[in-house]
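Q: sequence and computational prediction follow.
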Amino acid sequence: MDQIEWIMEPRAHSYFTAFITPNESASSVKNIFDDPVFSSEENPSSVLSLWDITFMRLRSIMNPSSVEFELMATLGDQFFNTAVTFAKTIVAEQHLPMDKKKIQPSNAGGLAGGTKYEIQGLFFKYPVDYIVNKQARIWLYGGEHRNDIFAAKVTNNELLGFSHFMFADKSAYFQVPLMALIYYQGFRLSVMSTLPIEDQTILYGSRDGGVTVLFDPELHNHLKSIANKLNLCPHLVSDKRVEMALCGDLEIHKISHRQQSIYYMLDPARIFPPAFWKSDAPHGTIFFRMLRPELVKQFGEALSSDAFSRWQERDPNAATMNVNVIKATNLLEEKVLLFAKELSENKSLAIKLVSRTTKGIKQVSGIKSTDEIIRQLHIRGINIRYIGLLCVNLSEISNSSNTEIIHFLISLAVSR
């Protein structure tokens, strides 16, 4: 079954990702743009797509009714189904000569690599590794060898960054594009609603790897408020020591729409700090192995998004900020051990998570067990990649019932 990951708004706890099967019946999806609330008096020459206009309006409603919730769900369904249709074509045509492709690649810029496509207000991209040193043949994520799997992990972090940023920005001062991750026939594409951004629209952050860092005091104050809610600390970046509230490569663009200034936030993949890894870790670890937002919020000190990177190396407090992230990583490993002990001692919890029937995974309170254990890990601030360490800790605890839990966790890790 092809899997599509999508997110519209943050939900309860930390569980932001839903796995959905495409609905082949187009007639079952109501066209939200036919709704008079959104179709009347629209300017057909607007610089924003109807995707963005509709999403922006729905996000601006402070106390939404059931009708508005239904409209948000409908927008998600329509965005989802439209993206799937084009994604299938892009994947099917990837081996065709350029002149035979129905959907042509675009020449959109940006530092990150990957073939890009723009169609019907949607922006598609294959996440691929990128050479940062052509002479030495050094790749951003894989080091000496290209690693598109690591590059794909960045898109997961971007989706998570958008979600938590929106949740922290309760006043909707900043806007974000719709985004989805699409898995189809072994390929992954990220898709966002297209925005009219260029070098002239950016007011804050950097879109050239730190060569140029822009600053706006008013935007900075709003971003510092969001950073405070996420337990992230402002820090100095680049040789010019410009203070950034979040990661240095986050971008804020100003777009004019109906004589209004709208501020769009982009590139939030590195909002949350990287976990500390040993020297034998992959080359670009700090760019894709991040701490969970739940753990960051639980830690006693505010953490730097740019820890261990060259972005913050000019900050006089860089060493202290790096040490705090190391401590946070140690706390993460302690939480893995504590969860192992909890699973070993709390039989009811273990049974709830691993109960099975001959027909497959047992439904517990309407939630599949695989979803439930992921939710339990995330609540504690534990990344899924620590399932291996969880198994090791369980194996070191003398309890015969742990064998079934370990087998279940290994199955989960293999399936992912």
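A: All right, it came through fine.
Q: quick one: contacts for residue 267?
A: 158, 205, 207, 249, 250, 251 (C-beta atoms under 8 Å, 6 or more residues apart in numbering). Every C-beta, even on glycine, is put in place using the N, C-alpha and C of the backbone.
Q: quick one: contacts for residue 327?
A: Residues near residue 327 by C-beta under 8 Å, 6+ apart: 299, 301.
Q: what's the answer for residue 308, then?
A: Residues counted as contacts of residue 308 (C-beta under 8 Å, 6+ apart) are 274, 276, 286, 322, 325.
Q: try residue 177
A: Contacts of residue 177 (C-beta under 8 Å, 6+ apart): 51, 52, 55, 192, 193, 194, 195, 264, 266.
Q: now residue 212
A: Residue 212 sits next to residue 206 when contact means C-beta under 8 Å, 6+ apart.
Q: poorly predicted segments of this protein, please.
A: Low-confidence segments of the chain (pLDDT under 70): 1-46, 108-114, 354-370, 400-401.
Q: how about a cut-off of 50?
A: Applying pLDDT under 50 to the chain flags the ranges 1-30, 36-45, 356-369.
Q: what about the contacts of residue 177, which are in strands?
A: Per DSSP state E, strands hold the following members of the contacts of residue 177: 192, 193, 264, 266.
Q: what is the burial count for the last one?
A: In this case it means residue 266. Using other C-beta atoms under 10 Å, residue 266 is surrounded by 21 other residues.
Q: ok so, going back, between the contacts of residue 308, which is closest to residue 242?
A: Of all the contacts of residue 308, residue 322 has the smallest distance to residue 242: 19.3 Å, by C-beta to C-beta.
Q: state the helix or strand in which the closest one lies.
A: Per DSSP states H and E, residue 322 falls inside helix 318-345.
Q: for residue 87, what are its contacts?
A: Neighbouring residues of residue 87 by C-beta under 8 Å, 6+ apart: 124, 182, 184, 189, 191.
Q: which residues are contacting the host helix or strand of residue 414?
A: In the assignment (DSSP H and E), residue 414 maps to helix 402-415. With C-beta under 8 Å, 6+ apart as the test, helix 402-415 has contacts from 343-344, 350, 353-354, 369-370, 373, 384, 387-388, 390-391, 394-395.
Q: middle-most residue in this protein, spatially?
A: Taking C-alpha atoms, centre = their mean, the centroid of the chain lies closest to residue 159, which sits 2.1 Å from it.
Q: isn't residue 106 up against residue 117?
A: Yes. Residue 106 is in contact with residue 117 according to C-beta atoms under 8 Å; the separation is 5.9 Å.
Q: strands along the stretch 101-250 of the chain, start to end?
A: According to DSSP state E, counting those that start in this stretch, the stretch 101-250 of the chain carries its strands in the segments 116-119, 122-125, 131-133, 138-139, 174-175, 179-184, 187-193, 202-205, 235-237, 242-244.
Q: quick one: closest of the ones you listed to residue 213.
A: For residue 213, the closest of those is strand 242-244, at 4.6 Å, according to C-beta to C-beta.
Q: ok, back up a step: quick one, which of residue 106 and residue 117 is more surrounded?
A: When neighbours are counted by other C-beta under 10 Å, residue 117 comes out ahead of the other of residue 106 and residue 117, with 22 against 15.
Q: which residues does the more buried one bridge with?
A: residue 105, residue 124 (DSSP bridges).
Q: gap between it and residue 292?
A: Separation of residue 117 from residue 292 (C-beta to C-beta, to the nearest Å) stands at 32 Å.
Q: and if you look at residue 205?
A: Separation of residue 205 from residue 292 (C-beta to C-beta) stands at 23 Å.
Q: ok, residue 196 next?
A: For residue 196, the distance to residue 292 - C-beta to C-beta - is 34 Å.
Q: repeat that for residue 415.
A: Counting by C-beta to C-beta - residue 415 and residue 292 are separated by 20 Å.
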